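Peer 1: quick one, what's the 3D model for this:
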Amino acid sequence: MPAQEILLLGNPRLYETAVAVVETELEALQTVVADLHDTLIAFREKYRVGRAIAAPQIGVKKRLIYMFIDTPTVFINPVLEWKSPETMVLWDDCMSFPEILVKVERHRRIRLRYKDLDWQDRTMELEGDLAELLQHEYDHLDGILAVQRALDPYSIALTSQKALLTV
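Peer 2: Okay, the predicted model is just below:
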């Protein structure tokens, strides 16, 4: 499947809350998962970054996240069950605004409950950069963008300044 257009910052659809997937949609979801994969890979080829993408970023208003690091992982109807009290501050990037970095605060560890493509219940505990990544993607499902989580008005920068930025 060809890569889909990624909705960009300012598109009102990025601020909508995604709806839950129901089991009867699993077969149709295969196409969306393939679209997410192809879109992620195309983005990686262009920008040399990209580990995960949420369905709303390609205009699909479903609670679905696709992550591809070593192997693909599909999170259907994820729920953040637990967030550690310890946090971290970092510069976050996003496929919906690839030329911008945003300084945000995220939880250092999380536990995520979700369904897989076989509609089986799964739980995953993540920490560090993967915890941050899934919190970022989870926000997309609720219509929240990293720019809305910026620590202050000075916490948004163009990626051309990346070498100058320190946390």
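
Peer 1: give the bridge partners for the nearest residue to Glu25 once chain neighbours are set aside, please.
Peer 2: Distances taken as Cβ to Cβ, 6 or more residues apart in numbering place Lys62 nearest to Glu25, at 7.7 Å, with adjacent residues excluded. C-beta: built from backbone N, CA, C; applies to glycine. Taking DSSP bridges, one finds Val19 as the beta-bridge partners of Lys62.

Peer 1: residues contacting Lys62?
Peer 2: By Cβ atoms under 8 Å, 6 or more residues apart in numbering, the contact list for Lys62 reads Ala18, Val19, Ala20, Val21, Glu25, Leu29, Val32, Ala55, Pro56.

Peer 1: in the chain, which residue is closest to the centre?
Peer 2: The C-alpha lying nearest the average C-alpha coordinate of the chain belongs to Glu137 (Cα atoms, centre = their mean; 2.1 Å).

Peer 1: and Met95, which of the three is it?
Peer 2: Met95 falls in the coil class when you classify it by DSSP: H, G, I helix; E, B strand; the rest coil.

Peer 1: would you mind measuring from it to Met88?
Peer 2: Taking Cβ to Cβ, to the nearest Å as the measure, Met95 and Met88 are separated by 21 Å.
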